[in-house]
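**Student:** sequence first, predicted coordinates after that:
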Amino acid sequence: MELDNNEFRVSMLASGSSGNCTYIETPKRKILVDCGLSGKKIQQLMHGINRDISEVDTILVTHEHRDHVHGLGVLARKYGVDIYANEATWKAMPDSVGKIKMEQKHIFEMGEVLTLGDIDIQSFGVSHDAAAPQFYSFHYEKRQFAMLTDTGYVSERLRALLRNANAYLIESNHDLELLRMGRYPWSLKQRILGDEGHLSNDDGALAVAEMVGNNTKRIYLGHLSQDNNMKQLAHETAERVLISKNLGVNEDFYVYDTDPSEATELFTV
């Protein structure tokens, strides 16, 4: 399918504690970020946005946790796609990913910018309990889509790097009270709440509140915990925090939900 020269489109195919996968396209590239569901499920989600997974030419990996790489090996072997991750992540990849041909494996180190066809991709480190977790900001014709989940905190440097993107995927993993009162063992609660864990609804909203600018039109809330969060709660918290910062919620930009098993609309950045 040919795209207009100015098209830059994104869909969060799945986002949540059970699996994550994002689709990004420009006229010259079709990219997946992470493959945290089965190959069959990702294929179905792609079909749901009227796209064919066989046309994907690149997969970017953020880190080696199962909810980000579960279907990676299957898709790599079936479609022969190029895969990019940093060296530490490649070394930490679980055995379940299986064998991937050397010619498909590419190194994309933290802090570097990778140009693929007509899109520039900035990688940046996050604070998470993985080997060398990194996320990505995509730049196409003066427009930017920034992805930031799986981090325990957001530094000032990172907020400055991602400021004034046109669209964001920001982590909204848990509600603090639901997590504290929930069934998780204390050790797991400490991990989630720690500096190498996940952003709460409030912390994610506070972080993105310092990043939005005049270009910002869309904020997607991602990586919600199935056990310690609810869509409505995450959405209401984000809007409340953003309004408290005197930002133009539902005027200058809008807050959107994601889902662990249903793709968002394919939107233009």
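**Tutor:** Nice, thanks for sending it over. Numbers count the residues shown, from 1 in each chain.

**Student:** count of residues packed around A92?
**Tutor:** 17 (other Cβ atoms under 10 Å). To be clear about C-beta, it is placed using only N, CA and C from the backbone, and glycine gets the same treatment.

**Student:** my error: substitute L45 in the last question.
**Tutor:** L45 has 23 nearby residues by other Cβ under 10 Å.

**Student:** and the strands in the stretch 1-150 of the chain?
**Tutor:** Ranges of strands in the stretch 1-150 of the chain, per DSSP state E, counting those that start in this stretch, are 9-14, 21-25, 30-33, 58-60, 82-85, 105-107, 113-116, 119-125, 134-140, 143-148.

**Student:** can you check the stretch 151-269 of the chain too?
**Tutor:** 167-171, 218-222, 254-257, 267-268.

**Student:** now the third one: buried residues?
**Tutor:** Which is strand 254-257. 255-257 (16 or more other Cβ atoms under 10 Å).

**Student:** any chance of those in TSV with pLDDT and distance to A238 as columns?
**Tutor:** Below are the buried residues of strand 254-257 laid out as TSV (pLDDT from 0 to 100; distance: Cβ to Cβ, whole Å):
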residue	pLDDT	distance to A238
V255	98	5
Y256	98	10
D257	98	10
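
**Student:** dump these to a markdown table, plus distance to S155.
**Tutor:** Output for those, formatted as a markdown table (distance: Cβ to Cβ, whole Å):
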| residue | distance to S155 |
| --- | --- |
| V255 | 23 |
| Y256 | 25 |
| D257 | 26 |
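
**Student:** R157 is nearest to which of the strands of the stretch 1-150 of the chain?
**Tutor:** strand 119-125 (8.9 Å; Cβ to Cβ).

**Student:** CA atoms only for that closest one - export them in CSV, please.
**Tutor:** The C-alpha trace of strand 119-125 is given here as CSV (Å, rounded to 0.1, in the frame of the first residue of the first chain):
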residue,chain,number,x,y,z
ILE,A,119,12.8,8.2,9.4
ASP,A,120,15.4,9.0,12.1
ILE,A,121,15.2,7.0,15.4
GLN,A,122,16.7,8.3,18.6
SER,A,123,17.4,5.7,21.2
PHE,A,124,17.6,6.6,24.9
GLY,A,125,18.1,4.7,28.2
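
**Student:** one step back: any chance of CSV for the strands of the stretch 151-269 of the chain, columns distance to K245?
**Tutor:** As requested, these are exported to CSV (distance: least, Cβ to Cβ, whole Å):
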stretch, distance to K245
strand 167-171, 14
strand 218-222, 13
strand 254-257, 13
strand 267-268, 24
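
**Student:** quick one: contacts of stretch 170-178?
**Tutor:** 17, 148-151, 192, 198-202, 204-205, 207-208, 219-225, 227-230, 233-234, 237-238 (Cβ atoms under 8 Å, 6 or more residues apart in numbering).

**Student:** for N250, what are its contacts?
**Tutor:** Neighbours of N250 in contact, by Cβ under 8 Å, 6+ apart: E239.

**Student:** how about the strands of the stretch 151-269 of the chain, which one is nearest L114?
**Tutor:** strand 167-171 (18.6 Å).

**Student:** average pLDDT for the closest one?
**Tutor:** Strand 167-171 comes out with an average pLDDT of 98.

**Student:** okay, helices next: where are they in the stretch 151-269 of the chain?
**Tutor:** 156-161, 176-181, 186-193, 201-209, 231-244 (DSSP state H, counting those that start in this stretch).

**Student:** residue contacts, T151?
**Tutor:** 126-128, 133, 135, 171, 198-199.

**Student:** give me that answer again for 6 Å
**Tutor:** 126-128 (Cβ atoms under 6 Å, 6 or more residues apart in numbering).

**Student:** same question, A167
**Tutor:** 145, 218, 269.

**Student:** can you tell me which residues contact Y23?
**Tutor:** Taking Cβ under 6 Å, 6+ apart, we find Y23 in contact with 11, 13, 32.

**Student:** format these as JSON lines; extra columns: pLDDT.
**Tutor:** Compiled in JSON lines, those are given as follows (pLDDT from 0 to 100):
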{"residue": "S11", "pLDDT": "98"}
{"residue": "L13", "pLDDT": "98"}
{"residue": "L32", "pLDDT": "98"}
